[in-house]
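Peer 1: The following block contains a protein sequence and its predicted model.
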Amino acid sequence: MSNTMTAMVLHRLWVSFLTFIFVSFVVFAITNMLPGDIAEIMLGQAATPEAVAGLREAMHLDEPAILRFLRWLGGLFVGDLGTSLVNRLPVSEMISGRLGNSLKLAAVTTLLSVPVALLLGIASAIWRNSWFDRVVSTLSIAVISVPEFMVATGAVLVFAVYLQWLPALSFANEVTSFTQMLRVYAMPVVALSFVISAQMIRMTRAAVIDTLRTPYVEMALLKGASRSRIVLRHALPNALGPIANAVALSLSYLLGGVIIVETIFNYPGLSKLMLDAVATRDMPLIQSCAMIFCLSYLLLITIADVIAIVSNPRLRK
Amino acid sequence: MKNLVEVMNLHVGAVTDSGRKVEIIRGISFSIAPDEIVALIGESGSGKTTTALTLMGYTRDGCAITGGHVFVDGYEVSAQTEHERANLRGKLVSYVPQSAAAAFNPSQTILTQVIEIAQIHKLGSRDEARRKAIELFRALALPNPETIGDRYPHQVSGGQLQRLAAAMALIGEPKVVIFDEPTTALDVTTQIEVLRAFKKVMQGKRIAGVYVSHDLAVVAQIADRILVLRNGEVQEAGDTRQILHAPAHPYTKTLIAAYEPVRHDRAAADSADAPVLEARNLSAGYGAPGQDGLPVMLAVNDVSFTLKRGSNLGVIGESGCGKSTLARVIAGLLPPARGEVLFNGKALPGLASKRSKEELRHVQIVFQLADTALNPARSVSDILGRPLTFYHGTRGAARNRRIDELMDMVRLPRALKNRLPGELSGGQKQRVNFARALAADPSVVLCDEITSALDTVVAAAVTELLQELQRELGLSYIFISHDLNTVRAICDEVVVMYGGRKVEQLLPGQLDGGARHPYSQLLISSVPQLDPGWLDNLKQNAKIVEQFAHE
Amino acid sequence: MTEDIASRRAARGRLGWRINAVGLIGLAVVVFWAFVAIFGPMLAPYPVSEIVDFDYFGGMSAQFWLGTDYLGRDMLTRILYGARYTVGISLAAVMLACFIGVTMGMVAATVGGWFDAVLSRAIDALGCVPNLLLSLVIVAAVGSSIPVLILTLAAIYSCGAFRFARALAVNVNTADYVKVARARGERLPYLIREEIFPNIIGPVMADFGLRFVFIVLLLSGLSFLGLGVQPPNADWGGLVRENISGLALGAPAVLMPSIAIASLTISVNMLIDNLPTRIRDRSE
């Protein structure tokens, strides 16, 4: 790795760090936008002024906002996520189990959809304007154009209601055997895969077509290279950066998709927890969930950018 | 002797954006003997590259061979399947692209790509191919032939890449090589080296060649025969000397006449006149200021000159010498880090936004590419009308009248008034571009390479127009160009720039043998002449070439 | 020859703009929904919240074209009324988002310098918060109402519009005709209005359509999660939420609102992929 490359990677990581600070500030600011006093809300209208003042002090609510932000940010870094306003449990405790469930769902979906989507995207770029390409493109545009919940409800209708292959609802904590796991995960994973693959296919296709239009691909053609040689040796290595970017951006759709899919399938993941927190306005819980989502999104994008930098031959020594 | 290449009544069709079918090659026939180099010469859109590529059975997107026959070495390429063509590409016919920088895959080493043809067509082992490549590198006078192949394309210079592309084309020992404007993107001092290398290798290996170019002088050095193309048809075909010295077709005659623009005599500027524009120790560049207060990337370094009223100053130099940055500084687009620009003896503020309308009006800039210099969303009359309203407050009927006058001045039909720039030809666009500057009623016009992107014949007409307008309106031009012939025709004084510095100031007469600075001498001697023996007789000091040429 | 060109020019004048069949279908559906959003309540066969059928999740029938919902209300009526919320809120939000985003984007690109750097960095950073998440957090913090929804959606998507317009404007800004205008002494408002905007309007219009689709989807998603339009009113996403328990029965009450959304978003996509193009034939 050359010096410029190292410098660029380090710079990218630094930007990600700054972005993280900025994003946490935004999340903190929005969640503190609510007019009214959390201490009063928590204690209810019957509370004595002394009790409210005591709680305010205990929760550092009388401090300036910037100080509370720094205290909260510091807490994030050491894993102290605060206490739920609703059931007084530590937020980290509430999250830990749910986070695992969501990660499992995301991992299975990723493992399934990334290879399929890349293959489909690359294939339709190679045979662009063929009937295969047209079918794939039309389907992916259709999936992108409809709400995530429609993909999920459509999957339920087809597989659970009409075909009756799978149960409509899933509970991850009931898994005891492999077949059961398959039955539980199948529906959410299929629905989620559709949602994220569509975008990935389109972006991969565009990235490969871009490189297929370059003069060096024409040059390879004029050397007498076969189609597979052109694609494998000349187009793909140069499309790596954009493809990594496509994968990362599409995986970030997982987050949006996960919220909807977990709701429909009643899957006990992080987003279900967050939605419940939104309903009860449990701010510390909302903040923590939001930060976890943002962090994973940021992580994906950073990884993609680093891959793009490392795979750029112009930065090689 | 039987011909190696035989093209008979070739027709190539294309489909336009609106689905209309047009014929871009209309019945071209020619032949090439073994070891003969034939040049295809013509303006943009003449179909020269399209014709050359049909020898490989290849047409670009949207085009197709619609008629005629192309035979190469007994194969009828035009009737082959795609698979059969692929088998011949690189082995029988190979291709040297216009821009090697774009035609090399950035993610592979050079050697991998140079020997790729040998691998595709299974012409021996990798080691053999490698040895052959190194031999070719040596023959093409490339530095470090043993190791240059291990580098990536972005790590070598443009001139070297172009020669490496030739090695890539020659590795499969083809019988015909197509050179597609292989030196157009290079600076003149670099071009010489590349041309010499090509000529030597082609003669040494006795390979036939097709050399596509718009530059007659370049072609004269390397081709045995020349085909003059226009609008997809052959205008004239003949031996190089005959085409150059005794052209028969009227189009060939204009082409050759346009090569050296005529210098019109006009009343010489009175040297006693105070200068209309003066630059004093200008330094400017890009990036943050360093310790000495100058920008990190200094593009113009301590340049001074004076421009007398009614006279013309030429600024010549190769890419990256700072000549365009100089124009930007004068126009107020880039503030100078040091020094100042004076108009009629009064210093101008560095930035255009700080200058008064009157100061702005007197100094107008005209850019190289009329395609990007005219707002594609506005009609010709809007483009010309804006400076009228902006500087002079002219509106309504008066404005319309003035627009008509301006169009007359630059010899544009008034009917084009409501057209958008996209609906004009290249020469018409450049005239609008110039008329817009005239609308301000300027004293000084900065012409930044305004004829470089035009075809020779059109460029000559524009040059002619500039001189006429100067006589009528008493303008002064600063003429920035890399085209020595145009500068010689128009300018009263010539500044030579290298590496951001002014190395010498010359009179036009001194351009032929009067230059004293070694770089000026190198630059001037590197401009190709319409003489087939020019390259062979050219003697340049190798040390100076090494010091200054853009390798 | 001249006659030939003249006649060709005339033909081009007549057919200067053209749109293909797919684009035309898209346009027709978009116009249809716009019409429904305006006149929907007049077309509705029943009052919107009246229970007209004793059977809930009724199927499609001559009486109830699109069946009935979980309370036995007429679905056709509910969808006609819902168009108002879905189309209205989304349109208001996308107009606001594009106006703010495109203006700021052009200003940032033209002015450049630290103003551009700071704004772009901040908006890039904001882009790292997933849209649905950001709207969830905002709605959780300030509650859901139609103005809040419009402002939230507009704020979220003005970031994208900013980045899109800025990227285009940065390109245009490097063009020589903008340099000429600067050298002429033109000021910022003129540069933006006359030199930059007319040259990015095409892509910006396409982006407007795409952004409208995203907003419809996000709004529907929010409503589906119960955080969008609040009962007793319902947009199309809200209608799906109300009737989700009919999913296992395969009731039209779940399907129809989804189909309404899909028909709108897909036809907008079809329209912008096949926007009427002005034919430019430069090979003459």
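Peer 2: The structure has been received and is ready for your questions.
Peer 1: From here on, just use CA atoms for contacts and neighbour counts.
Peer 2: Noted.
Peer 1: in the stretch 151-300 of chain B, which spans are strands?
Peer 2: Applying DSSP state E, counting those that start in this stretch to the stretch 151-300 of chain B gives strands spanning B:176-180, B:208-213, B:225-230, B:233-239, B:275-289, B:295-308.
Peer 1: For the fourth one, which helices and strands make contact with it?
Peer 2: When contacts are defined as 3 or more C-alpha pairs under 8 Å, 6 or more residues apart in numbering or on different chains; DSSP states H and E, strand B:233-239 sits against strand B:21-32, strand B:225-230, helix B:250-259.
Peer 1: Tell me which of these lies nearest to chain C.
Peer 2: Between chain C and the helices and strands packed on strand B:233-239, the tightest spacing by C-alpha to the nearest C-alpha is seen for strand B:21-32, at 8.2 Å.
Peer 1: Can you dump the C-alpha atoms of the helix or strand following that closest one in PDB for me?
Peer 2: Downstream of strand B:21-32, the next assigned helix or strand under DSSP states H and E is strand B:37-41. Taking Å, rounded to 0.1, in the frame of the first residue of the first chain, the C-alpha atoms of strand B:37-41 are listed here in PDB:
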ATOM      1  CA  ILE B  37       1.500   3.100 -45.500                       C
ATOM      2  CA  VAL B  38      -1.700   4.800 -46.600                       C
ATOM      3  CA  ALA B  39      -2.900   7.900 -44.800                       C
ATOM      4  CA  LEU B  40      -6.600   8.700 -44.500                       C
ATOM      5  CA  ILE B  41      -6.900  12.400 -44.000                       C
END
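Peer 1: Show me what strand B:37-41 is packed up against.
Peer 2: Using 3+ C-alpha pairs under 8 Å, 6+ apart, the elements in contact with strand B:37-41 are helix B:48-53, strand B:208-213, helix B:216-222, strand B:225-230.
Peer 1: Report the distance from the first one to the chain centre.
Peer 2: Between the mean C-alpha location of helix B:48-53 and the chain-wide mean there is a distance of 19 Å, by C-alpha atoms, centre = their mean, to the nearest Å.
Peer 1: before we move on, what about stretch C:220-227?
Peer 2: Put simply, stretch C:220-227 sits 17 Å off its chain's centre (C-alpha atoms, centre = their mean).
Peer 1: now stretch C:244-262
Peer 2: Mean-position distance between stretch C:244-262 and its chain equals 23 Å (C-alpha atoms, centre = their mean).
Peer 1: For chain A, which residues are neighbours of chain B?
Peer 2: By C-alpha under 8 Å from any C-alpha of the partner chain, the residues of chain A that approach chain B are A:214-219, A:221-226, A:234, A:237-238, A:312-314.
Peer 1: And chain C, is stretch A:270-286 touching that?
Peer 2: Yes. Stretch A:270-286 lies within reach of chain C by C-alpha under 8 Å from any C-alpha, at A:278-279, A:281, A:286.
Peer 1: Okay, buried residues for that stretch please.
Peer 2: A:270-275, A:277-278, A:281-286 (16 or more other C-alpha atoms under 10 Å in any protein chain shown).
Peer 1: Residue C:241 is in contact with residue C:220, correct?
Peer 2: No. Contact criterion C-alpha atoms under 8 Å: residue C:220 and residue C:241 do not qualify, at 9.6 Å.
Peer 1: before we move on, the earlier item: just the ones in helices from the buried residues of stretch A:270-286, please.
Peer 2: Residues of the buried residues of stretch A:270-286 located in helices (DSSP state H): A:270-275, A:277-278, A:283-286.
Peer 1: could the residues of stretch A:270-286 next to chain C be laid out in a markdown table, adding pLDDT?
Peer 2: Below are the residues of stretch A:270-286 next to chain C laid out as a markdown table (pLDDT from 0 to 100):
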| residue | pLDDT |
| --- | --- |
| A:278 | 84 |
| A:279 | 81 |
| A:281 | 79 |
| A:286 | 86 |
